[in-house]
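K.L.:
Sequence and predicted structure are below.
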Amino acid sequence: KQEVTQIPAALSVPEGENLVLNCSFTDSAIYNLQWFRQDPGKGLTSLLLIQSSQREQTSGRLNASLDKSSGRSTLYIAASQPGDSATYLCAVRRGSYIPTFGRGTSLIVHP
Amino acid sequence: GAGVSQSPSNKVTEKGKDVELRCDPISGHTALYWYRQSLGQGLEFLIYFQGNSAPDKSGLPSDRFSAERTGGSVSTLTIQRTQQEDSAVYLCASIPFGSGPDEGYTFGSGTRLTVV
């Protein structure tokens, strides 16, 4: 059974810092890994998707890497801003199976 | 449609009443998932529809919960005799069934259910 763990569970940083959020998974037989952002009481917004054959994906200040063999992905946020405050979740997809989500990292960026 | 649409966005109901939550997935997305997220908690899987196959209902917490999907598109999640512990955000996601690793899940904006 796939298990997904996100560390840290919570993070509070001053504006401008570069951040690394971690996601680890136990079964490396994955199709892809997807990072989401969730604002309080809202739905999930997809940030980045990394296919199992890829090593990293970038979008603006966000960079996600994937090391399938070690079961790890990191989301790097450069020059954090207060608007980045949200919960960040990773999800692992394996074919048509039900995806497995981490519990998320709650991020607060204070001015 | 362009995205996954959920309605209503907010619902306040009295304990014991029945509620219906609606999800309209992206056109052509034959796989549809319902999740529940209680305050401060992670995503709890409820039910999964894939094409014309029987749905995977393994996550439904009790027989008060049911869901259907009409015509392989719109899905309705019904909660009967609501209880206060049913208060949560209910999320719907869709993806093309059988798609490759370049496809990811698209979520709706959720329905916040409050049982008073």
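P.N.:
The structure has been received and is ready for your questions.
K.L.:
three-state assignment of the spatially most central residue of chain B?
P.N.:
For chain B, the residue nearest the mean C-alpha position is residue B:34 (3.1 Å; Cα atoms, centre = their mean). Applying DSSP: H, G, I helix; E, B strand; the rest coil to residue B:34 yields a three-state assignment of strand.
K.L.:
wait, it sits on residue B:88?
P.N.:
No. With contact defined as Cβ atoms under 8 Å, residue B:34 does not reach residue B:88; the gap is 11.4 Å. To be clear about C-beta, it is placed using only N, CA and C from the backbone, and glycine gets the same treatment.
K.L.:
now the worst-scoring helix or strand of chain A on mean pLDDT: how far from the chain's centre is it?
P.N.:
Every helix and strand of chain A was ranked by mean pLDDT, DSSP states H and E. The lowest is strand A:100-101, at a mean of 93. Distance, stretch centre to chain centre, for strand A:100-101: 11 Å (Cα atoms, centre = their mean, to the nearest Å).
K.L.:
Parallel or antiparallel, list what pairs with that strand.
P.N.:
Counting by DSSP bridges, the strands paired with strand A:100-101 are strand A:86-93 (antiparallel).
K.L.:
Pull the contacting residues for the closest residue to residue B:39 other than its chain neighbours.
P.N.:
With sequence-adjacent residues excluded and distances taken as Cβ to Cβ, 6 or more residues apart in numbering or on different chains, residue B:39 is closest to residue B:88, at 7.4 Å. For residue B:88, the contact set (Cβ atoms under 8 Å, 6 or more residues apart in numbering or on different chains) comprises B:36, B:37, B:38, B:39, B:112, B:113.
K.L.:
If we go by neighbour counts, what in the helix or strand hosting the last one is buried?
P.N.:
It refers to residue B:113. In the assignment (DSSP states H and E), residue B:113 maps to strand B:111-115. Across strand B:111-115, burial judged by 16 or more other Cβ atoms under 10 Å in any protein chain shown covers B:111, B:112, B:113, B:115.
K.L.:
Please apply the same query to stretch B:50-68.
P.N.:
Buried, per 16+ other Cβ under 10 Å, within stretch B:50-68: B:50, B:55, B:56, B:59, B:60, B:65, B:67.
K.L.:
just stretch A:16-23 next, same as before
P.N.:
Buried, per 16+ other Cβ under 10 Å, within stretch A:16-23: A:19, A:21, A:23.
K.L.:
same check, this time on stretch A:90-97
P.N.:
So for stretch A:90-97, counting by 16+ other Cβ under 10 Å, buried means A:90, A:91, A:92, A:93, A:94.
K.L.:
and which of these is nearest to residue A:44?
P.N.:
Minimum distance to residue A:44 across the buried residues of stretch A:90-97 is 8.4 Å, recorded for residue A:91 (Cβ to Cβ).
K.L.:
and the closest one, how far is that from residue A:98?
P.N.:
10 Å (Cβ to Cβ, to the nearest Å).
K.L.:
For these two, list the residues in contact with both.
P.N.:
Counting by Cβ under 8 Å, 6+ apart, nothing touches both residue A:91 and residue A:98.
K.L.:
ok so, going back, make CSV from the buried residues of strand B:111-115 and add pLDDT and distance to chain A to it.
P.N.:
What follows is those, written out as CSV (pLDDT from 0 to 100; distance: Cβ to the nearest Cβ, whole Å):
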residue, pLDDT, distance to chain A
B:111, 96, 10
B:112, 96, 6
B:113, 97, 11
B:115, 98, 15
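K.L.:
The closest residue to residue B:59 other than its chain neighbours: neighbour count?
P.N.:
Take residue B:59 and drop its neighbours on the chain: the residue closest to it by Cβ to Cβ, 6+ apart is residue B:45, 4.0 Å away. Using other Cβ atoms under 10 Å in any protein chain shown, residue B:45 has 17 other residues around it.
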